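> Take a look and give me a structure for this.
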Amino acid sequence: ASTVAGIVSNMKERKESSGEHWFALLDIAKASASGPIFLSETGVDFAVMSFYKLFGMPTGLGALIVKRSSLGVLKQRFSEIYFGGGSVDVVLPSENFAVARQGLQSFSNGTAHFRGIIELSVGFNTIRKVGGMEAIS
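Here you go, the predicted structure:
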């Protein structure tokens with residue numbers, strides 16, 4: 001996505017034309033605050049967004065959006081690189097051995113940003129009250 005040009009690149013075409021399989025991440029933090037984005041049309045595997053930018057706040061909660069078919073590689077690589085917080089069931093400190101939790105819990109490292117999560121409903125309700133994304137963009 002380009003904040004200057006106001007466009008979202010079609011990664012689907014770029015990925016198909018390369019002849020190789022690679023993963024694409026799209027930063028939609030600014031673009032998601034200015035209009036709708038249809039991720040299925042972009043062909044990206046991952047997208048990151050900032051709810052706080054959507055709500056006009058200086059800092060806050062963000063999200064990593066993962067395409068279902070790309071989740072496997074993220075889980076595999078993530079467990080090899082880092083673990084902590086509530087993401088593992090078993091760790092043996094004397095060996096390089098850890099058993100990750102199953103499902104989405106395996107990505108929860110540390111304390112969740114509970115204040116930011118609670119603020120999501122307030123932010124979305126405010127957007128709805130002013131007329132939705134169409135009124136903002």
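
> use CA for all of it now, contacts and neighbours both
Will do.

> confidence score at the closest residue to A100 other than its chain neighbours?
Distance criterion Cα to Cα, 6 or more residues apart in numbering; nearest residue to A100, sequence neighbours excluded, is V88 at 4.1 Å. pLDDT for V88: 76.

> Hmm, V88 is touching G103, no?
No - between V88 and G103 there is no contact under Cα atoms under 8 Å: 11.1 Å.

> Next, count neighbours for V73.
Residues near V73, counting by other Cα atoms under 10 Å, number 10.

> Return the distance of A31 relative to G56.
13 Å (Cα to Cα, to the nearest Å).

> And the two? Which one has more around it.
Ranked by neighbour count (other Cα under 10 Å), A31 and G56 place A31 first, with 20 against 10.

> Dihedrals phi and psi, the more buried one?
phi -60, psi -40 (degrees, to the nearest 10).

> how close does it sit to S87?
Distance from A31 to S87, by Cα to Cα: 31 Å.

> Also M133?
Distance check for M133 against S87: by Cα to Cα, it reads 35 Å.

> the more surrounded of these two?
Using other Cα under 10 Å, the more surrounded residue of M133 and S87 is S87, with 22 against 16.
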